[in-house]
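**Student:** I would like the atomic coordinates for the input below:
(one chain, ligands or ions: 1)
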Amino acid sequence: MPVFDSNSFKDHEQIAFCADNETGLKAIIAVHSTALGPAAGGLRFWDYTASHLKTAPTQIAETRGEQDAIYDVLRLSRGMSYKNAMAGLRLGGGKSVIIGNPKELGTPELMKAFGRYVQRLGGSYYAAEDVGTTPEMLAAAAQTTSYVSGLDDGEFGTGDPSPHTALGVFIGIKAAVSHRLGKDNLQGIKVAVQGVGHVGLYLVEHLLGAGAEVIVTDVVASNIEAAQSKGNVTVVSPDGVHAVDCDVFAPCALGGGLNPKTIKDIRASIVAGAANNQLEREGIDDEDLRMRGILYAPDYVINAGGIISVESEVHKEKVSDAAREAKVLRIGETLKTVFEASANQERPTGVIANEMAEEIIRTAAEKKLTSAA
Ligand code: NAD
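**Tutor:** The predicted model follows:
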């Protein structure tokens, strides 16, 4: 069950509950902040009720599922505000969730009903692909709203964000290695990559190119084979990857991997990877890592390359590959600032990053108010 606290509903501008009986749509759109620009963030389609049906009757399971969905959308939309702020983007933070099994419910008609709700928000929220949604589903929503980003085609389409995310993570690993190990290259540095999917595979290529020793794991055999085709990699089992003897542990699979069970076994001196929501408990697990002498690169700072690539699409601008790449490369500088502040203040990197993001958003909101007066 989610634990709602004072951080759950924190400075959110607008929450819209959306229902459509004909298609079965039950959705929530959360606009956390538009101080820096239109709120951008993915649409998650997830069966929040399913896990509760194992332990509770239908009505109670549905209520609990709805609570989970609200918790998710509040937390994820705030995370998007922080990510976009730290990446220096002209984007605010938002997120949306549709409750239900996408395979059963995800019809074009339902997506069009969802699109109509996005349209009503008048451009304060832009939807994009996330867990459970596909480019086809987003394209269906785009028939009823102009506020969808991350589309493959169209004049301003930016395509797959994964290579940009991987480049940002690679740059972030270099910044972390420089800060913690005092090395300005990755020659001989051992990196364990957990999950070699879209982002992880591109990351493996960068790491091998830089002379790192690469260890990989995945739960899908063909993804391991794809990683092996890139060069000399060592394969380990998914269960023990966080505990392997290495310099950098790079979570690139699912969230929640940094928790009391795993942190005590981590042997790397750096955790830096693409996965969203790596910390099970914000402000606690990053403090535990710090106390163990492990440098943690806050997930939403290091994995911002994807949203950086999408920014121009929301603003309907043409941006050169070089300009986009320059913005991704800045992730290294931002992380350096976070690492140094954390060391000087003896406080966790996750808390430092949150405070920096909140300050950027507060300043932008004040500026907006002043210019509107
Ligand atoms: P993906 O689904 O393509 O890759 C994830 C990989 O992890 C898959 O190969 C999967 O088989 C593997 N995996 C799942 N469970 C595992 C386990 N227990 N142990 C080992 N491997 C496991 O996803 P992706 O697009 O590469 O994204 C990876 C992570 O980065 C996700 O957390 C995502 O939210 C985050 N992220 C992605 C982007 C992007 O541009 N794609 C941007 C920001 C953040």
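
**Student:** ok, the longest helix seen in the chain near the ligand or not?
**Tutor:** Longest helix in the chain by number of residues (criterion: DSSP state H): helix 58-86. No - contact between helix 58-86 and the ligand is absent, the nearest approach being 8.4 Å (criterion: CB under 6 Å from any ligand atom). Placement of C-beta: from N, CA and C, glycine included.

**Student:** packing partners for that helix?
**Tutor:** strand 25-33, strand 39-46, helix 50-53, strand 92-99, helix 299-302, helix 305-314, helix 349-372 (3 or more CB pairs under 8 Å, 6 or more residues apart in numbering; DSSP states H and E).

**Student:** quick check: the residue of the stretch 1-150 of the chain nearest the ligand.
**Tutor:** In the stretch 1-150 of the chain, no residue comes nearer to the ligand than residue 131, which is 7.2 Å away by CB to the nearest ligand atom.

**Student:** for the residue nearest to that residue when sequence neighbours are not counted, grab the count of nearby residues.
**Tutor:** Leaving out its chain neighbours, the residue that sits closest to residue 131 by CB to CB, 6 or more residues apart in numbering is residue 44, at 5.0 Å. For residue 44, the neighbour count with other CB atoms under 10 Å is 23.

**Student:** residues touching residue 44, list them.
**Tutor:** The contact partners of residue 44, by CB atoms under 8 Å, 6 or more residues apart in numbering, come to 72, 73, 76, 95, 96, 97, 98, 130, 131, 132, 133.

**Student:** tabulate the residues you listed (CSV), appending distance to residue 34.
**Tutor:** Formatted as CSV, the contacts of residue 44 follow (distance: CB to CB, whole Å):
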residue, distance to residue 34
72, 20
73, 16
76, 16
95, 13
96, 15
97, 19
98, 22
130, 19
131, 24
132, 25
133, 22
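
**Student:** domain-wise, how is the chain divided?
**Tutor:** When the chain is parsed into structural domains using automatic domain parsing, the resulting residue ranges are 9-71+94-148, 163-303+333-357.

**Student:** now these in TSV, with distance to residue 154?
**Tutor:** Conversion of the domains of the chain to TSV gives the following (distance: least, CB to CB, whole Å):
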stretch	distance to residue 154
domain 9-71+94-148	9
domain 163-303+333-357	18
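
**Student:** closest one to residue 157 among those?
**Tutor:** When the domains of the chain are ranked by distance to residue 157, counting by CB to CB, first place goes to domain 9-71+94-148 at 10.2 Å.

**Student:** for the closest one, measure first residue to last.
**Tutor:** By CA to CA, to the nearest Å, the extent of domain 9-71+94-148 from end to end equals 25 Å.

**Student:** again with stretch 301-319
**Tutor:** First-to-last distance for stretch 301-319 - CA to CA - comes to 22 Å.

**Student:** show me what counts as buried in that stretch.
**Tutor:** Buried residues in stretch 301-319, counted by 16 or more other CB atoms under 10 Å: 301-315, 319.

**Student:** so does stretch 279-296 get close to the ligand?
**Tutor:** No - with CB under 6 Å from any ligand atom as the threshold, stretch 279-296 lies outside contact range of the ligand, at a closest distance of 12.7 Å.

**Student:** coming back round to it: the domains of the chain into CSV, with extra columns for mean pLDDT?
**Tutor:** Compiled in CSV, those are given as follows (pLDDT from 0 to 100):
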stretch, mean pLDDT
domain 9-71+94-148, 95
domain 163-303+333-357, 96
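
**Student:** which of the ones you listed sits closest to residue 369?
**Tutor:** domain 9-71+94-148 (9.4 Å).

**Student:** chain center to that closest one, what's the gap?
**Tutor:** Per CA atoms, centre = their mean, to the nearest Å, the displacement of domain 9-71+94-148 from the mean C-alpha position of its chain is 17 Å.

**Student:** list the contacts of the closest residue to the ligand within the chain.
**Tutor:** The shortest separation between the chain and the ligand is 1.8 Å, found at residue 197 (distances taken as CB to the nearest ligand atom). Neighbouring residues of residue 197 by CB under 8 Å, 6+ apart: 218, 220, 223, 252, 253.

**Student:** which residue is the nearest non-sequential neighbour of residue 99?
**Tutor:** Counting by CB to CB, 6+ apart, residue 26 is the residue found nearest to residue 99 once chain neighbours are left out, at 4.5 Å.

**Student:** and if you look at residue 13?
**Tutor:** Here the nearest residue to residue 13 in space, its sequence neighbours aside, is residue 31; by CB to CB, 6+ apart that works out to 4.9 Å.

**Student:** contact residues of this protein facing the ligand?
**Tutor:** Residues of the chain that fall close to the ligand, judged by CB under 6 Å from any ligand atom: 161-162, 165, 194-200, 217-220, 223, 238, 252-255, 274-276, 303, 306.

**Student:** can you tell me the centre-most residue of the protein?
**Tutor:** For the chain, the residue nearest the mean C-alpha position is residue 276 (4.0 Å; CA atoms, centre = their mean).

**Student:** count the neighbours of the closest residue to it other than its chain neighbours for me.
**Tutor:** Counting by CB to CB, 6+ apart, residue 255 is the residue found nearest to residue 276 once chain neighbours are left out, at 5.2 Å. Using other CB under 10 Å, residue 255 has 13 other residues around it.

**Student:** which residues touch residue 255?
**Tutor:** Contact criterion CB under 8 Å, 6+ apart gives 275, 276, 277, 278, 299 as the residues in contact with residue 255.

**Student:** which members of those occur in helices, if any?
**Tutor:** Counting by DSSP H, the members of the contacts of residue 255 that fall within helices are residue 299.

**Student:** circling back: now do the contacts for the residue nearest to residue 99.
**Tutor:** Residue 26 makes contact with 18, 19, 66, 98, 99, 100, according to CB under 8 Å, 6+ apart.
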